[in-house]
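**Q** with the input below, show me the fold.
(4 chains)
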Number of protein chains: 2
Amino acid sequence: MAPTTETLTAERILEATEEVLRRHGPAKATVVDVARALGVSHGSVYRHFRTKAALREAVTKRWLDRTALRLSAIVGQDRAPETLLREWLEALFDAKRRKAGDDPELFATFSVLADENSGVVDQHIAELTAQLTEIVRNGVAQGAFTATDPALAARAVFQATGRFHDPAYASRWLRPHVRSEFDAVVDLLLRGLRAADHPAG
Amino acid sequence: MAPTTETLTAERILEATEEVLRRHGPAKATVVDVARALGVSHGSVYRHFRTKAALREAVTKRWLDRTALRLSAIVGQDRAPETLLREWLEALFDAKRRKAGDDPELFATFSVLADENSGVVDQHIAELTAQLTEIVRNGVAQGAFTATDPALAARAVFQATGRFHDPAYASRWLRPHVRSEFDAVVDLLLRGLRAADHPAG
DNA sequence: CAGATGACAGATTTCAATATCTGTCATCTG
DNA sequence: CAGATGACAGATATTGAAATCTGTCATCTG
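**A** Below you'll find the model as predicted:
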């Protein structure tokens, strides 16, 4: 499509791949398509990514990292731990839902990887859980939360809210009552995290 | 297969269908197969079930009802509400996991219906949530739980534990740490339900 | 000589012809 | 005449031949 004279870098390949995936979806996007979009032979793409799977993973990683970065901005904010936790979960839900709606094809790629138990997704989840742990830990330090093991509690919160960020549930994110269901779950989890001497909401 | 002289009843058709589904799976089981298994023409099957979908739903309903019935036995037991809730959730997880393992094809049928937003599945979920509500309501009455709206709390508990009973997650039920993840989530939810003046576990 | 190329083998996907299935209904049978 | 049948039309699934794709590598080029 745009046979540039520029050097062929991994970054340029990733951009082109993202575009091809967006247009064709994970099922129909081929390495040949990517090469064509870049005006090179597909052999050149294989010089930068050993397999098609590796390419897919790299694109998804870039995409997921953008979300993780945006969420990390919330973690350090100087606000009540409860507010922080709630807003972080809201931001996560929003981000996933927007991705599913705006980039359905890229989202499908992500879902495929999630099904395949890809390391990229595991790493993404580990990163998100680490951010949650940080919030819980700070909450405990400030006396707002009680948790023997903040990492364990964070993982429990992440799993309990899976319905609102796991791609396996994407088809149910458009139902009318999701929002109130989200609130009910988060309310209950916050009650569970709350310190015994801070019983108010 | 077994051309009986017995009358052709809906019940006999359901039994045969369950067997056919078990053998062939939802993708390959046909109404013709069911009729063949019963030694009748497929037209006769259509006399009892208007469509193939209706037949599938009826089989699944029967299958889900068996689980709901077994769980309902736990609801009325005279034990601590916390124990009851935990055991009910454990029984639900066990039941689903066993179904997924022992009857993969029937379970796949169930998953298909869940994806299709079938009324049968909705009804199943409504039944389970009602049972949960009963447990929460009793817990509140006995002063063990605090909940402004027991039905809302029950729904939140059901959704927060979705990872352990929703078929969309079935592929992750065999991982090594599910059990401890289940415990962590349930612990957190129980803390959230607990009455303020019963802070101990 | 670092990096790009394209021919190639084996795997996978596509596509169109064929077969089977779903759901209806006029007809048959006990 | 209640209930079962099987022929039928349209929809869906299967199949196998042809096209395309993945990944490798000997060769080419700046």
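
**Q** tell me how far the residue nearest to A:Arg22 when sequence neighbours are not counted lies from A:Ile135.
**A** Leaving aside its sequence neighbours, A:Arg22 sits nearest to A:Glu105 (C-beta to C-beta, 6 or more residues apart in numbering or on different chains; 5.3 Å). C-beta: built from backbone N, CA, C; applies to glycine. To A:Ile135, A:Glu105 is 32 Å away according to C-beta to C-beta, to the nearest Å.

**Q** I figured A:Ser72 hits A:Leu128, correct?
**A** No. Counting by C-beta atoms under 8 Å, A:Leu128 is not a contact partner of A:Ser72; they are 9.5 Å apart.

**Q** more neighbours: which of these two?
**A** A:Leu128 (20 against 15; other C-beta atoms under 10 Å in any protein chain shown).

**Q** host element of the more buried one?
**A** Assigning secondary structure by DSSP states H and E places A:Leu128 in helix A:119-141.

**Q** can you list the buried residues in that helix?
**A** Within helix A:119-141, the residues that count as buried by 16 or more other C-beta atoms under 10 Å in any protein chain shown are A:120-121, A:124-125, A:127-129, A:131-140.

**Q** what does chain A have sitting close to chain B?
**A** A:115, A:152-153, A:155-157, A:159-163, A:166, A:168-169, A:171, A:181, A:184-185, A:187-193, A:196, A:199 (C-beta under 8 Å from any C-beta of the partner chain).

**Q** is the lowest-mean-pLDDT helix or strand in chain A up against DNA strand D anywhere?
**A** Confidence across the helices and strands of chain A bottoms out at helix A:104-115, with a mean of 92, counting by mean pLDDT, DSSP states H and E. No. Using C-beta under 7 Å from any atom of the strand, we find that helix A:104-115 stays clear of DNA strand D, coming within 12.9 Å at best.

**Q** who's in contact with that helix?
**A** A:18, A:21-27, A:56-57, A:59-60, A:63-64, A:99-100, A:120-121, A:166-168, A:170, B:171 (C-beta atoms under 8 Å, 6 or more residues apart in numbering or on different chains).

**Q** just the buried subset of these, written out for PyMOL, thanks.
**A** With 16+ other C-beta under 10 Å as the criterion, this PyMOL line picks the buried residues out of those:
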select buried, chain A and resi 18+21+25+26+56+57+59+60+63+64+99+100+120+121+166+167+168+170
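
**Q** where does chain A dip in pLDDT?
**A** For chain A, the stretches with pLDDT under 70 are A:1-5, A:197-201.

**Q** can you give me the domain assignment for it?
**A** Split into domains by automatic domain parsing, chain A comes to A:1-49, A:60-193.

**Q** what's the nearest residue to the most centrally placed residue in chain A if we skip its chain neighbours?
**A** The geometric centre of chain A, computed from its C-alpha atoms, lies nearest to A:Leu64 (C-alpha atoms, centre = their mean), at 4.7 Å. Spatial nearest neighbour of A:Leu64, excluding adjacent residues (C-beta to C-beta, 6+ apart): A:His124 at 4.4 Å.
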